[in-house]
Structures are given as C-alpha cells and as structure tokens.
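Undergrad: Using only what follows, build the 3D model:
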Amino acid sequence: MTAKTLAPAERARAEIDLGALRANVRTLRARSSGALLMAVVKADAYGHGAVPCARAARQAGAAWLGTATPQEALALRAAGDRGRMMCWLWTPGGPWREAIEADIDVSVSGMWALREVTDAARAAGRTARIQLKADTGLGRNGCQPADWPELVHAALATPEVNVTGLWSHLACADEPGHPSIAAQLSVFQEMTAFARKAGAEPEVRHIANSPATLTLPEAHYDLVRTGIAMYGISPAPELGTSRELGLRPVMTLSASVALTKQVPAGHGVSYGHHYVTEHETTLGLVPLGYADGIPRHASGRGPVLVGGKVRTAAGRIAMDQFVVDLEGDRVEPGDRAVLFGPGDHGEPTAEDWARAADTIGYEIVTRIGSRVPRVYVNECSDDDE
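TA: Modelled structure (predicted):
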C-alpha cells in the first residue's frame, strides 16, 4: 500500500469500486423480504458519482432510483436512465413540469405542493405521478396525520395526478429497539390504510431506509430505500461494521505524499503548533485538506496509512494539506497515503474517520470535494465480463 500507484499527475484520487457497489445492492436485495429496491443516489451518490453509481445499481437489480432534488433526478434522465425514479425535496416554484415530462415520481407533503404539481401537469398535458409523504414522527418533511385526510382526498379528486406511492421516513432506525420505531410503523400503517380505504391504489408503499432494510423486515413493505449501505458503509456502529453486515466499502481515498523532511525535536507542526515533535523525526506532507472534504475536526486524530503504518494527522488539518509524523521511517515523495478504504490492507475505513471527527460515515464520503477526481474501477457488470 506504499507503492507509487497513483498516476504521475494525480495529487489525490477517490477510487470507486463499482463491482463492490453491485455486490452491496445484491446483498441488500437479498435482505429486503422480496421488496423492490430503490438505490438512493442523492448528493452525487453520497460523493461517489451519481451517474456511474446509478448505472451500476441498475445492473445489480435496483428497480428504482431516488434523489433529493429534482435537478438531481433530471440529470439522471439526461444521462439516459429511463427506469422508475423519484425525487422528494421540493420548494415552491420548482421544476414540476420538467419532472412530469421526464416521467419522474414527485413527492407531495402538503396542499401547496399538490396545487403546484396539478398546475404543472395541466400545462404539460399529462398526468403527474405523485407520492404522498406522511410525517409519521420524524418531524421533518411529510404531512401530519391531522392534515392527511385533506391531502389524500384532494389528491384522489384531482384528475391531473396519479397517486403512485405512499411513503414516510424513520427517525431512529439506526438505534435498535428505540420506541419511536414501533410508533412510526404503527402510524404509517394507519395512514396508508386510510389512503387505501379512500381509494388510493399505490404501486409502492415504503418507509425502510438502510438500517431498516438490514434490521426491520416488518418495515420493508413494497420497496426499500438504500442509501449509505449501498456504498458499503454501516448505517450505525450499533448495527455492526460493514464487514459484519456483509457490505464492502466502495470508495478508497488516497493521495501522493508531496514532501518528506527531517526536523529537530521541539519543532511545531501546522497552524497553532498543537503538535510539537518530541524527538528528531521525519514529517510527511499529505496534499489533502478541508477544501477537499477532510474534516478539520479530525486534526490530531485522523488516521492515514503511509509507510506501512497507520499514523494520525499531526497538528491541524489545513485547507489543502496536513502532516503526519513518520517517526524516522523511510517514505518518499510520491508514495501513496491511504486515508480510507475497505480495510483489506490495513488502511483505515471511512468509519474510522467518522469516529475521529465525531460524526457519521455518511458525512465522511459525501463531503469529499470536486478537486478529488473519481476514478472508477470494475465498471463492467458480471453479465458483461
């Protein structure tokens, strides 16, 4: 793992293993109780690249794609995806007509959204596919139970729309046994039953996210929405590691060591001199920083494999770079420093960085910035090989 494996011009790279992603999708499908799987590729597929990851997920059997914003969904359509797709984060004045014309399911959580999608459908001259979202207890988007009858009856009475789905989102599925889980599932059952009794005939009902897909078969209904687990990262430490869950991390982040040098004892390192060398030593410069998404909160704690050992960031992580104390070991400029990956060769994982930064694995991979090129490997599906 210390060989000079990066191309000469590459300061850093995020290697995306699409074979691992396909394997993760197949694993999650096998655990979904026969429900269809929605591959969630919002936020540029959690930093992995939406279009390549969407294609790989489709190859592995994902029946649906899910995005947060309509712009994300429209970009996937522009890239050639023609399968079932849904987007759920709307604001007034959004591109409703464009989504309708692109045959994208849109989420509706309130009367204002129903009015806007109805007007857009009328202008487009075609029926809009809408999914009604219920707030079963998360307190975020979605329609409150008290307002649900009005929304359901209004949607069913509107010829310009077709209610294709009923859905919600769990607040604490990553905390096994949390009382809110059973409470939300009960409310969801009641709200979907009301809608169906009122005349709704949804194609899909869904409430299960990644942790619920892995641990709550009673939440699977017709469709499960898998996001972070599809990228091989455990949704929560309480559920087990990626390896224990049968998942493989998809992203490996590495950089080419930019400089090594000898410094004396008592030498300060990086801003604020929060790290001072105890002995004469060798320092190595890793050309990644918080502008690339490396969390500054992990200063002094963030792990990196370089020179055959896992070391920690010495001192503060700066905008473009950070330093590691090589403790006299021989490392040359151009050698590879691996911040995280699957862990096969002893390198840290994204979950290790999450612990170092007191955050979650989701944030670690999603925040990797555009200055870091994505390099895709294992692009061919098993059927193509």
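
Undergrad: Please pull up the helix or strand immediately following the longest helix along the chain.
TA: Criterion DSSP state H: the longest helix present in the chain is helix 179-198. Remark: after helix 179-198, the chain's next helix or strand is strand 204-206, criterion DSSP states H and E.

Undergrad: Distance check, the residue nearest the centre of the chain against Gly66.
TA: For the chain, Tyr46 is the residue whose C-alpha lies nearest the centre (CA atoms, centre = their mean; 3.3 Å). Tyr46 is 12 Å from Gly66, where distance means CB to CB, to the nearest Å. Bear in mind the C-beta positions are built from the backbone N, C-alpha and C, glycine included.

Undergrad: Got the domain ranges for this structure?
TA: 18-231, 251-377 (automatic domain parsing).

Undergrad: hmm, back to that, what's the overlap in contacts for Tyr46 and Gly66?
TA: Taking CB atoms under 8 Å, 6 or more residues apart in numbering as the contact rule, Tyr46 and Gly66 both touch Gly227.

Undergrad: related to what we said a few turns ago, look at the residue nearest to the centre of the chain and report its pLDDT.
TA: Tyr46 is assigned 98 on the pLDDT scale.

Undergrad: Distance check, it against Leu305.
TA: 22 Å.

Undergrad: circling back: what pLDDT, on average, does the longest helix of the chain get?
TA: 98.

Undergrad: Any buried residues in it, and which?
TA: Ile181, Gln184, Leu185, Val187, Phe188, Met191, Thr192, Phe194, Ala195 (16 or more other CB atoms under 10 Å).

Undergrad: For the residue nearest to the centre of the chain, give me its contacts.
TA: Counted by CB under 8 Å, 6+ apart, Tyr46 has contacts Gly227, Ile228, Tyr231, Tyr362, Val365, Thr366.

Undergrad: List the residues that contact the nearest residue to the third one once chain neighbours are set aside.
TA: In other words, Tyr231. Closest residue to Tyr231 apart from its sequence neighbours, by CB to CB, 6 or more residues apart in numbering: Val250 at 4.8 Å. Residues in contact with Val250, defined by CB under 8 Å, 6+ apart, are Ile16, Asp17, Leu18, Ala20, Leu21, Asn24, His48, Cys53, Tyr231, Gly232.

Undergrad: Pull up the per-residue confidence for Gly307.
TA: In this prediction Gly307 is given a pLDDT of 96.

Undergrad: Hmm, Arg336 and it touching each other?
TA: No: if you go by CB atoms under 8 Å, Gly307 and Arg336 don't touch, sitting 9.8 Å apart.

Undergrad: Looking at these two, which one has more neighbours?
TA: Gly307 (24 against 20; other CB atoms under 10 Å).

Undergrad: Ala14 touches Pro373, doesn't it?
TA: Yes: assessed by CB under 8 Å, Ala14 is found in contact with Pro373 at 7.2 Å.

Undergrad: returning to that earlier point: could you export the longest helix of the chain as CSV, CA atoms only?
TA: Presented in CSV, the C-alpha positions along helix 179-198 are these (Å, rounded to 0.1, in the frame of the first residue of the first chain):
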residue,chain,number,x,y,z
PRO,A,179,-39.6,3.2,20.9
SER,A,180,-40.1,5.6,18.1
ILE,A,181,-39.6,2.8,15.5
ALA,A,182,-42.7,0.8,16.5
ALA,A,183,-44.7,4.0,17.0
GLN,A,184,-43.8,5.2,13.5
LEU,A,185,-44.6,1.9,11.9
SER,A,186,-48.0,1.9,13.6
VAL,A,187,-48.8,5.4,12.4
PHE,A,188,-47.6,4.5,8.9
GLN,A,189,-49.9,1.5,8.8
GLU,A,190,-52.8,3.7,9.9
MET,A,191,-52.1,6.4,7.4
THR,A,192,-51.6,4.1,4.5
ALA,A,193,-54.8,2.1,5.4
PHE,A,194,-56.7,5.4,5.4
ALA,A,195,-55.5,6.3,2.0
ARG,A,196,-56.2,3.0,0.5
LYS,A,197,-59.7,2.9,2.0
ALA,A,198,-60.3,6.4,0.5
